[in-house]
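Visitor: Sequence plus the predicted model coming up.
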Amino acid sequence: MNRERSRDLYDRALSVLAGGVNSSVRATQPYPAFAERGDGAHLIDADGNRYIDYVMGYGPLLLGHDLPESVRAAVQSHMSAGPMYGAPTEVEVELAEFVARHVPSVEMLRFVNSGTEATVSAVRLARGYTGRDKVVVMQGGYHGAQESTLVEGSPDAPRPSSPGIPQSFAAETIPVPFNDTETLESVFEAHEGEIAAVLTEPLLGNTASVLPVEGYHERLRELCDDHGALLVFDEVMTGFRVGGLQCAQGKFDVEPDLTTFAKIIGGGLPAGAVGGPAEIVESFTPAGDVFQSGTFSGHPMAMAAGLETLRYAAENDVYDHVNRLGEKLRSGITDIVDERAPGYTVLGTESMFKLVFTRGGSEGVGDSCRAGCRQEPDCARFERCPKTGADVANAETERWDRLFRPAMRDRGVLLTANQMESQFVSDAHTEEDVEETLEAYKAYFE
Ligand SMILES: *Cc1c(COP(=O)(O)O)cnc(C)c1O
């Protein structure tokens, strides 16, 4: 596989872009495949190599690389009319109406431009609304590049996970393990009346897709209610992917107080949103006094791309298709590692999938987790199935970066950069793509 042009481009990029990229995760070693164009489920790189793509923009591309005519036409029409105004437009009202109609907990929204901006705004809203400062996050969770959530450590000793964030900011954040309600209970007791919000992804999508154990979300909901804290679901990744148009909160049947969206809601263009009941969301300026604003927020082209993408998903069997292929991938990979590397674990749900190089001995696979770990207590692998971010971080993460991902790329399958990032099936993927992908997995493990 000739990759010279990507290598040369990376060489140039290293002189003018920090680390050669504009988002850290793109800097795969020794050099990334520079994208030339997309074609359905495929990405064609700068050297003309063609890959089956499961990165899918790290989540936004529900429909694949070729946007349906309705999406393209809507974006082009808004571009021709004038890209943006600094005045409100009809299309942002329509997208808000669409989201409020489909997502159970959402009555009202504020649009922003990215997932990071959505979680920044949600945290400020929760703090402003409750008059409290502390937020609880999940260890290993990811809520974008923001000060309040780039925090690691234990509940008693939180610390910034990046230089540039003052310890005094981190002191307002309490990291707890996902799927662990006991720790959360003790945190609420130790900080009675101080916690503004618990912020979590409905499933840990940024940690290879760790699913909640039975009853976890119900208990989260109860604890937040008991202690006057808001439950904030970060559905930036799961929104309009898991649980279809109801999002993961519909699938898991819990109503958060606030939800953050991005990725799919912009249909491949930059957009994000915070949604919830009017009573809370109207705390944002100018309705309320929690400051929030943005020059590009509700950008007509992004709103149009998001709206037409979601309409397309509503009118076609997109979720049936991506979920069926996701299931096929997870069960196919489970079969392959069962034979060769039974210690490894397949994670994910619906159109998300990830193979985790779990450490530890092998065990029989129960029928209940044929298509990926589902946290079913009677499954033979229940104890071994990752429950927290730390369980995934403890896997053989180097194997992914150094060996597995490059080997799969050389076999024409583009996977995400590291052990933590989920992978996505799009509407453009076909049965043949999945079969070809499973052949590549099989060849790797032979
Ligand atoms: C991707 C992601 C973010 C950050 O979104 P950006 O658009 O990259 O700023 C936040 N939260 C979750 C759950 C994400 O998956």
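Guide: Perfect, thanks for sending it.

Visitor: Next one: Gly59 from Gly141, what distance?
Guide: Noted for Gly59: a distance of 15 Å to Gly141, by Cβ to Cβ, to the nearest Å. C-beta coordinates here come from the backbone N, C-alpha and C atoms, glycine included.

Visitor: And for Ala126?
Guide: Distance from Ala126 to Gly141, by Cβ to Cβ: 16 Å.

Visitor: Looking only at neighbour counts, state which of the two leads.
Guide: Ala126 (28 against 22; other Cβ atoms under 10 Å).

Visitor: give me the residue from this protein nearest the ligand.
Guide: Relative to the ligand, the nearest point of the chain is Gly115 (2.0 Å; Cβ to the nearest ligand atom).

Visitor: isn't that residue right next to Ile265, touching?
Guide: No. When contacts are counted by Cβ atoms under 8 Å, Gly115 is not listed as touching Ile265 (9.5 Å).

Visitor: quick one, domains of this protein?
Guide: 4-66+318-445, 69-315 (automatic domain parsing).

Visitor: most tightly surrounded among those?
Guide: domain 69-315 (a mean of 20; mean count of other Cβ atoms under 10 Å).

Visitor: And it, end to end?
Guide: 14 Å (Cα to Cα, to the nearest Å).

Visitor: I'd like the average pLDDT over that domain.
Guide: The average pLDDT within domain 69-315 is 98.

Visitor: With stretch 19-33 instead?
Guide: Across stretch 19-33, the per-residue pLDDT values average to 96.

Visitor: Can you tell me the SS state at Cys385?
Guide: Of the three states, Cys385 takes coil under DSSP: H, G, I helix; E, B strand; the rest coil.

Visitor: Enumerate the residues of the chain near the ligand.
Guide: 114-116, 119, 142-144, 201, 205-206, 234, 236-237, 262 (Cβ under 6 Å from any ligand atom).

Visitor: Endpoint to endpoint, stretch 168-185 covers what distance?
Guide: Span of stretch 168-185 from end to end, Cα to Cα: 24 Å.

Visitor: hmm, who's touching that stretch?
Guide: 133-141, 147-149, 151-155, 158-160, 187, 191, 195, 198, 200, 204, 207, 210, 212-213, 216, 219-220, 223, 387-390 (Cβ atoms under 8 Å, 6 or more residues apart in numbering).

Visitor: repeat for stretch 295-311
Guide: 62-63, 67-68, 70-71, 74-75, 77-79, 81, 83-86, 88-89, 91-92, 94-95, 98-99, 102, 110-113, 240, 245, 264-271.

Visitor: at 7 Å instead, please
Guide: For stretch 295-311, contacts defined as Cβ atoms under 7 Å, 6 or more residues apart in numbering pick out 62-63, 70-71, 74-75, 78-79, 83-84, 89, 91-92, 94-95, 98, 111-113, 240, 245, 264-271.

Visitor: next one: stretch 394-402
Guide: So stretch 394-402 is contacted by 356-359, 418-419 (Cβ under 7 Å, 6+ apart).

Visitor: One more: stretch 44-55?
Guide: 1-6, 9, 33-37, 41-43, 409, 412-416, 423-424, 433, 436-437.

Visitor: one more time with 8 Å, if that's ok
Guide: With Cβ under 8 Å, 6+ apart, stretch 44-55 has contacts from 1-6, 9, 33-39, 41-43, 65, 353, 409, 412-416, 423-425, 429, 433, 436-437.

Visitor: rewinding a little: identify those among the contacts of stretch 295-311 that sit within helices.
Guide: 70-71, 74-75, 78-79, 91-92, 94-95, 98 (DSSP state H).

Visitor: quick one: which two of those residues are the most distant?
Guide: Met79 and Phe98 (21.0 Å; Cβ to Cβ).

Visitor: centre of the chain versus the longest helix seen in the chain, how much separation?
Guide: Longest helix in the chain, counting residues (DSSP H): helix 318-340. Relative to its parent chain, helix 318-340 has a centroid offset of 19 Å by Cα atoms, centre = their mean, to the nearest Å.

Visitor: ditto for stretch 267-281
Guide: 15 Å.

Visitor: That stretch: end-to-end distance?
Guide: 23 Å.

Visitor: can you check stretch 401-408 too?
Guide: The first-to-last residue distance of stretch 401-408 comes to 11 Å (Cα to Cα).

Visitor: three-state assignment of His65?
Guide: Once three-state DSSP is applied, His65 turns out coil.

Visitor: Mind listing the residues bridging to the spatially closest residue to it that is not a sequence neighbour?
Guide: Distances taken as Cβ to Cβ, 6 or more residues apart in numbering put Gly38 closest to His65, at 2.4 Å, once the chain neighbours are dropped. Beta bridges link Gly38 to Leu43, judged by DSSP bridges.

Visitor: Test my guess that Gly38 contacts Leu67.
Guide: No. With contact defined as Cβ under 8 Å, Gly38 does not reach Leu67; the gap is 9.6 Å.

Visitor: residue contacts, Asp39?
Guide: Asp39 neighbours (Cβ under 8 Å, 6+ apart): 50, 65-66.

Visitor: Model confidence for it, exactly?
Guide: Looking at Asp39, the pLDDT reads 98.

Visitor: returning to that earlier point: give the intersection of the neighbour lists for Gly115 and Ile265.
Guide: Contacts common to Gly115 and Ile265, judged by Cβ under 8 Å, 6+ apart, are Gly272.

Visitor: How are the strands of the stretch 251-400 of the chain distributed by residue range?
Guide: 258-261, 272-276, 345-347, 352-356 (DSSP state E, counting those that start in this stretch).

Visitor: Nearest residue to the middle of this structure?
Guide: Met237 (2.6 Å; Cα atoms, centre = their mean).

Visitor: What helix or strand is that residue located in?
Guide: Under the criterion DSSP states H and E, no helix or strand holds Met237.

Visitor: show me what contacts the residue nearest to it when sequence neighbours are not counted?
Guide: Nearest residue to Met237, sequence neighbours excluded (Cβ to Cβ, 6+ apart): Gly205, at 4.0 Å. Taking Cβ under 8 Å, 6+ apart, we find Gly205 in contact with 237-238, 352, 422.
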